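Q: Here is my input; please provide its structure:
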Amino acid sequence: MNAATVVNASAPVTNEVARFVQSTRPDDVPANVAQLGKKAILDCLGLALAGAGAEGSAILRRHIEEMGCANGAATVFGTSLRAPSRFAALANGNAMHSDDYDDTYHPSRIHPSAAVAAALFADAEVLNRSGREVLTAFNAGVEVSCKISEAIDGQHYQRGYHSTGTCGVFGAAAAVCNLRQLPAATILNALGIAGSAAAGLRENFGTMVKPLHAGRAAENGLVAGSLAAAGFTAAPTVLEGARGFFRAGGGGYDAQKIHGKLGNPWTFAAPGISIKPYPSGALTHPAMSKLQELFIAHDIRPGQIARLAVKTNRLLPENLTYHRPTTGLQGKFSMEFCLASIAVLRKAGLAEFTDAVVNRREVQEVISKIDYTAYGDDEAAANGYGRLTTFIEVVLRDGRKISARADVAKGDPAIPMNDDEVANKFRECAAFADWPANRSEQIIEMVRHLEKLANITDLTALLRSR
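A: Predicted coordinates for the structure are as follows:
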């Protein structure tokens, strides 16, 4: 689809989204989708605890306090701070994306859950809503984010927009509107308001601003829903209009990605959303997973490496821009560091993406031996490579060569994390935040049975430091 293409635009897209949000009720969410939603929620809450310790998160909280906004009713997870719901959404959305460890929808490269969860939990806590209502609204919001991000022309991402911020605001607004059971006409206004708050640029990848995109999407989505509920009006065609989001942000869209497709199938079910095994750009994960397997299977030590070659789709280096990183944040978007961490430490978890580890002598030595190249579109098409197909070759000093191919990583819908694995990831995040283990176990059990929770405040209380 080229930059000016509009496919099957006979019906108003924004109106269809609004009707879906208004009509979705708990019984409309299939059991398997609800279960996947609970896994994603638990993932987000663990990331909020871990991300609260990030430097950018601390700066953001100080900013909220300096504005005199530290006396609200919504919890800033992992802290004792309570703030007005919009600022809790901002802080929690930022924290959930701070470590770049949140889930990913690969077809449109959006991190869909963080902005939705952050907006939703802040609003639900203030409104004393049930776990069943939250679970329904979460699934509706993620569905809207994913389908909108898939419908907009690929030029949107190529031009430099970050879909997590630009499309995530619509999902956050949708979740808030569903939670409040607003009428379709009001939801239409909320989507219109959200459209003028859609923002986020990929130029800021590898900096504190990238996670802020998720925080701002959460905050702006919640504000959009709140203003619409109060009677604020907006254009009813913010998505498909001649000067609307799709054309302004991408030059065109494919309405077939939305018409009749919202909840049919649910994105969580097909094609599925990936939960990350490492706190770095998802594009690095097939290579990291495969290299970890190779180093363990062959008992390879860093000193044995003569050269380490990695080859990926030509589009991946557009995001993995830091070939000689010097900070932990840059390391998250560096194929070279991600592989060097695996090679030297045999792991790349939350504790590894720091300035100190990136600049370790042994890590930098391995980085200098990595040869990162890319294959072109013709080669990919001729051989049937997927978007993330990656080739690894380790050349050892004794002349041996060990090669492998990876198409996906653990956490991908093809090889998903099960409930216990996601719970263990939550425990890892909570331990990284020094969160009490007994409270972590309570959170895990509460989310596993979220639909039975009478009031979401019972859960948010466990995410607040005392």
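Q: Show me where the stretch 1-150 of the chain dips below the pLDDT cut-off.
A: Of all residues in the stretch 1-150 of the chain, those with pLDDT under 70 make up the ranges 1-11.
Q: repeat that for 50
A: By pLDDT under 50, the low-scoring segments of the stretch 1-150 of the chain are 1-4.
Q: can you give me the helices in it?
A: Assigned by DSSP state H, counting those that start in this stretch, the helices in the stretch 1-150 of the chain fall at 13-23, 31-51, 55-66, 85-98, 113-127, 131-151.
Q: give me every residue that touches the residue of the chain positioned farthest from its centre.
A: Distance from the centre of the chain peaks at residue 398, with 41.9 Å (Cα atoms, centre = their mean). Contact criterion Cβ atoms under 8 Å, 6 or more residues apart in numbering gives residue 304 as the residues in contact with residue 398. From N, CA and C alone the C-beta is placed, and that goes for glycine too.
Q: how close does it get to residue 272?
A: Computed with Cβ to Cβ, to the nearest Å, the distance linking residue 398 and residue 272 is 42 Å.
Q: which strand in the protein runs the most residues?
A: With DSSP state E setting the assignment, residue counts place strand 305-313 as the longest strand in the chain.
Q: Show me what that strand packs onto, helices and strands only.
A: Strand 305-313 makes packing contacts with helix 335-345, strand 370-375, strand 390-396 when contacts are defined by 3 or more Cβ pairs under 8 Å, 6 or more residues apart in numbering; DSSP states H and E.
Q: what's the angle between whichever helix or strand comes after the last one and strand 305-313?
A: For strand 390-396, the succeeding helix or strand toward the C-terminus, using DSSP states H and E, is strand 401-406. Calculated by axes from the mean of the first three to the mean of the last three Cα atoms, to 10 degrees, strand 401-406 forms an angle of 20 degrees with strand 305-313.
Q: Could you chop this structure up by domain?
A: The chain is divided into the following domains under automatic domain parsing: 6-277+429-463, 282-406.
Q: Mind putting these into a markdown table with distance to residue 423?
A: Rendered in a markdown table, the data for the domains of the chain read as follows (distance: least, Cβ to Cβ, whole Å):
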| stretch | distance to residue 423 |
| --- | --- |
| domain 6-277+429-463 | 5 |
| domain 282-406 | 16 |
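Q: and the ones you listed, which is most packed in?
A: Using mean count of other Cβ atoms under 10 Å, the stretch among the domains of the chain with the greatest mean number of neighbours is domain 6-277+429-463 (a mean of 22).
Q: roughly how far is it from the heart of the chain?
A: 9 Å (Cα atoms, centre = their mean, to the nearest Å).
Q: And the residue nearest the centre of the chain, how close does it get to residue 358?
A: Averaging the C-alpha coordinates of the chain gives a centre point, and the residue nearest to it by Cα atoms, centre = their mean is residue 111 (2.4 Å). Distance of residue 111 to residue 358, computed by Cβ to Cβ: 22 Å.
Q: swap in residue 400?
A: Using Cβ to Cβ, which is the criterion applied here, residue 400 is 28 Å from residue 358.
Q: Show the residue spans covered by the helices in the stretch 151-300 of the chain.
A: Assigned helices in the stretch 151-300 of the chain, in chain order: 155-158, 163-166, 168-179, 184-195, 209-229, 245-250, 285-297 (criterion: DSSP H, counting those that start in this stretch).
Q: So for residue 32, which of these sits nearest?
A: For the helices of the stretch 151-300 of the chain, distance to residue 32 was read as Cβ to Cβ. The smallest value, 19.5 Å, belongs to helix 168-179.
Q: what's the average pLDDT for that closest one?
A: Across helix 168-179, the average pLDDT comes to 99.
Q: by how many degrees do the longest strand of the chain and strand 390-396 diverge?
A: Here strand 305-313 points in a direction 170 degrees away from that of strand 390-396 (the same axes, to 10 degrees).
Q: So what are the sheet partners of strand 305-313 and their directions?
A: Strand 305-313 has the following sheet partners, assigned by DSSP bridges: strand 370-375 (parallel), strand 390-396 (antiparallel).
Q: contacts for it?
A: The contact list for strand 305-313, computed with Cβ under 8 Å, 6+ apart, reads 283, 287, 335, 339, 343, 366, 369-375, 380, 385, 387-397.
Q: what's the distance between stretch 407-427 and the middle of its chain?
A: Mean-position distance between stretch 407-427 and its chain equals 14 Å (Cα atoms, centre = their mean).
Q: repeat for stretch 377-390
A: On the basis of Cα atoms, centre = their mean, stretch 377-390 sits 25 Å off its chain's mean C-alpha point.
Q: residues making contact with it?
A: Contacts of stretch 377-390 from elsewhere in the structure, counted by Cβ under 8 Å, 6+ apart, are 106, 282-283, 285-287, 290, 310-316, 375, 405-409.
Q: One more: stretch 13-28?
A: Outside stretch 13-28, the residues that reach it (Cβ under 8 Å, 6+ apart) are 132-133, 135-136, 139-140, 143-144, 147-148, 151, 170, 174, 177-178, 181-185, 187-188, 191-192, 236-240, 244, 246, 253, 255, 258-259, 262-263, 451.
Q: CA-only coordinates of stretch 74-83 in CSV, if you can.
A: Below are the C-alpha coordinates for stretch 74-83, written out as CSV (Å, rounded to 0.1, in the frame of the first residue of the first chain):
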residue,chain,number,x,y,z
ALA,A,74,-4.8,6.8,42.1
THR,A,75,-1.7,4.7,42.9
VAL,A,76,1.7,5.3,41.2
PHE,A,77,2.7,1.6,41.3
GLY,A,78,5.9,0.6,43.2
THR,A,79,5.8,3.8,45.2
SER,A,80,3.8,5.5,48.0
LEU,A,81,2.8,8.3,45.7
ARG,A,82,-0.9,8.8,45.0
ALA,A,83,-1.9,11.3,42.3
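Q: Surely the residue nearest to the centre of the chain is in contact with residue 101?
A: No: the pair residue 111 / residue 101 is not scored as a contact, 9.6 Å apart, by Cβ atoms under 8 Å.
Q: How about residue 283: what's its closest non-neighbour residue?
A: Leaving aside its sequence neighbours, residue 283 sits nearest to residue 316 (Cβ to Cβ, 6 or more residues apart in numbering; 4.7 Å).
Q: What pLDDT is listed against that neighbour?
A: The model reports residue 316 with a pLDDT of 93.
Q: residues touching it, list them.
A: So residue 316 contacts 283, 335, 374, 388 (Cβ under 8 Å, 6+ apart).
Q: rerun that using 10 Å as the cut-off
A: Taking Cβ atoms under 10 Å, 6 or more residues apart in numbering, we find residue 316 in contact with 281, 283-284, 286-287, 310, 335, 372, 374, 387-388, 390.
Q: the helices in the stretch 351-466 of the chain, which residues?
A: Under the criterion DSSP H, counting those that start in this stretch, the stretch 351-466 of the chain contains helices at 355-358, 361-367, 377-383, 419-432, 437-448, 457-460.
Q: Just put the ones you listed in a markdown table and tack on distance to residue 297 and mean pLDDT.
A: What follows is those, written out as a markdown table (distance: least, Cβ to Cβ, whole Å; pLDDT from 0 to 100):
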| stretch | distance to residue 297 | mean pLDDT |
| --- | --- | --- |
| helix 355-358 | 24 | 98 |
| helix 361-367 | 18 | 98 |
| helix 377-383 | 25 | 96 |
| helix 419-432 | 21 | 97 |
| helix 437-448 | 32 | 98 |
| helix 457-460 | 41 | 98 |
